[in-house]
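1. Give me coordinates for this.
(chains A and B)
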Amino acid sequence: MSAIFWFVLASTVVALIAMAIGIMAPAKAMGNAICTALESLARQPEAEKSLTRTLFIGLAMIESLAIYCLVIVLIVLFRNPLLEYLLK
Amino acid sequence: MLDGTQALFHLGPLNVGTTVVTTWGIMIVLCIAAWLVTRRLRLDPGPFQIALEGIVQTIHAAVGDVLPRRVDTVFPFVATLWLFIGTANLSSLIPGVHSPTADLSATTALAMLVFFSVHWFGIRIQGLRAYLRHYISPSPILLPFHIIGEITRTLALAVRLFGNMMSLEMAALLVLLVAGLFAPIPLLMLHIVEALVQAYIFGMLALIYIAGAIQSLEARLSPKEEET
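-> This is a model prediction of the structure:
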C-alpha cells in the first residue's frame, strides 16, 4: 500500500465525515430558527415583513457555515496543498 | 472542475477569462434592456414598462423598509447589486454560459464593493469623526473585534455567494453524469429559486451593513423609528 493510496482513502473518508457533521449542525440550527419564526408568526401575523427579512438573513448566516464546510472539503479533495509534500 | 479563469484571449499581459466576458455581456444586456424600455416612457404603460416599474418599486419598498430616511441615497447601489447578481446567477441556466458568480474572484470583487461602500456611506452621512467613533463605542477594547467583524463579514459575503452558485452548478453536473439527460431538470428548478434567494440575501446583507454604518445617527434623529 503506497502513501498515495492512504492519502486518497483518508481524504475521501474525511470529506464524507466532514460533510455529514458539517450539515447536521446547520440543519438543526435552521430547523430551530424556522420553528421559532413560525411560532412568533402565528402569534403576531402583522409582524410578517420584518420577521421574514430577519429569518432570511439568519438562515443565510447559518447556511454559510455549511457552505464553508463544503468549500473546505472541495479544497481537500481537489486542491490539497499538502499533496506536494507527498509527491516530492 | 468548473473554472471561469481559463484564458479565452489575451489583452496585453492580462488573461481574459469567461467570467470577465460573461460579466460584460450581462452588463451590456442590462444596459440595453433598460435603455430600450425607458426610451419611450408613457403615462399609459405597456407591458415592459409595467414589469420594470414593478421591479423598481419592489426594490424601493424593500430598501425603504430597512432605511426609511435614506432610501434615495442607498437605493441605486443596492438595486444595482440585486439586478446584477440576480441576472448573473440565472445566466448559468443558458447552455454554454458560465455564471460569473460561480467564480470566487467575481464574488470577492462584489464583496469588496460592499466593504468600501459601507465606509463611503457611513462617512458621507455621519461625517468622519462620528463614523470612526462607532468603532470604539461602547469601549475601545472592542476595536479589534469591530475590525475582525468587518473582515470576516466581507469574506463571508464572497464565500457564501460563490459556494452556493458553484455547488448548484456542480450538483447539476454530477446528476447529469450519473443519471442522464433529463434528470437534472428538478435541480435546475431549484437553481432558479436558489439563484434569486442568494441575490436577495446578498443585496439585503449589503443594505443591512450600510444601515449599520449610518444607524447611530438615524437612531438619534428618530428614536421612535424601528431599526433592524
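
2. Could I get the contacting residues of B:S117?
-> Shown in contact with B:S117 (C-beta atoms under 8 Å, 6 or more residues apart in numbering or on different chains): B:F77, B:A206, B:I210. To be clear about C-beta, it is placed using only N, CA and C from the backbone, and glycine gets the same treatment.

3. Tell me the confidence at the residue of chain B at minimum distance from chain A?
-> The minimum distance from chain B to chain A, using C-beta to the nearest C-beta, falls at B:G163 (3.6 Å). If you check B:G163, the pLDDT there is 89.

4. Number of residues surrounding it?
-> The local packing of B:G163 (other C-beta atoms under 10 Å in any protein chain shown) involves 23 other residues.

5. Over to A:L51?
-> The burial count for A:L51: 17, using other C-beta under 10 Å.

6. what about it, which helix or strand?
-> Using DSSP states H and E, A:L51 falls within helix A:48-78.

7. Tell me if the next helix or strand after that helix is near chain B.
-> Heading C-terminal from helix A:48-78, the first helix or strand you meet, by DSSP H and E, is helix A:83-87. No - Helix A:83-87 stays clear of chain B (C-beta under 8 Å from any C-beta of the partner chain), getting no nearer than 15.3 Å.

8. Could you pull out the buried residues of helix A:83-87?
-> Buried residues in helix A:83-87, counted by 16 or more other C-beta atoms under 10 Å in any protein chain shown: none are found.

9. same for it, what does it pack against?
-> helix A:3-43 (3 or more C-beta pairs under 8 Å, 6 or more residues apart in numbering or on different chains; DSSP states H and E).

10. ok and the helix it packs on relative to helix A:48-78, angle-wise?
-> 180 degrees (axes from the mean of the first three to the mean of the last three C-alpha atoms, to 10 degrees).

11. Report the mean confidence score over helix A:3-43.
-> Helix A:3-43 comes out at a mean pLDDT of 93.

12. what do you get for stretch B:76-85?
-> 93.

13. Show me what that stretch is in contact with.
-> With C-beta under 8 Å, 6+ apart as the criterion, stretch B:76-85 contacts B:26-27, B:30, B:55-56, B:59-60, B:63, B:101, B:110, B:113-114, B:117, B:161, B:198-200, B:202-203, B:206-207, B:210.

14. now stretch B:90-102
-> B:2, B:4, B:18-19, B:22-23, B:26, B:85, B:88-89, B:106-107, B:110, B:161-162, B:165-166, B:169, B:188, B:191-192, B:195-196, B:198.

15. rewinding a little: neighbour-wise, which of the contacts of B:S117 leads?
-> B:I210 (26 neighbours).

16. Assess the claim that it and B:T73 are in contact.
-> No - here B:I210 does not reach B:T73: they are 9.1 Å apart, not a contact under C-beta atoms under 8 Å.

17. what touches both of these two?
-> In contact with both B:I210 and B:T73: B:F121, using C-beta under 8 Å, 6+ apart.

18. So which residues on chain A come close to chain B?
-> A:49-50, A:53-54, A:56-57, A:60-61, A:63-64, A:67-68, A:70-71, A:78.

19. now do 7 Å
-> Counting by C-beta under 7 Å from any C-beta of the partner chain, chain A comes close to chain B at A:49-50, A:53-54, A:56-57, A:60, A:64, A:67-68, A:70-71, A:78.

20. Would you mind giving me the PyMOL syntax to select the buried ones in the residues you listed?
-> To isolate the buried ones among those in PyMOL, judged by 16+ other C-beta under 10 Å, type:
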select buried, chain A and resi 53+56+57+60+64+67+68+70+71
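
21. Format the residues of chain A next to chain B as JSON lines; extra columns: pLDDT and distance to B:Q49.
-> Listed next are those as JSON lines, based on pLDDT from 0 to 100; distance: C-beta to C-beta, whole Å:
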{"residue": "A:K49", "pLDDT": "82", "distance to B:Q49": "27"}
{"residue": "A:S50", "pLDDT": "82", "distance to B:Q49": "31"}
{"residue": "A:R53", "pLDDT": "82", "distance to B:Q49": "28"}
{"residue": "A:T54", "pLDDT": "85", "distance to B:Q49": "33"}
{"residue": "A:F56", "pLDDT": "84", "distance to B:Q49": "29"}
{"residue": "A:I57", "pLDDT": "82", "distance to B:Q49": "32"}
{"residue": "A:A60", "pLDDT": "82", "distance to B:Q49": "33"}
{"residue": "A:S64", "pLDDT": "82", "distance to B:Q49": "38"}
{"residue": "A:I67", "pLDDT": "84", "distance to B:Q49": "38"}
{"residue": "A:Y68", "pLDDT": "85", "distance to B:Q49": "43"}
{"residue": "A:L70", "pLDDT": "86", "distance to B:Q49": "42"}
{"residue": "A:V71", "pLDDT": "84", "distance to B:Q49": "42"}
{"residue": "A:F78", "pLDDT": "83", "distance to B:Q49": "47"}
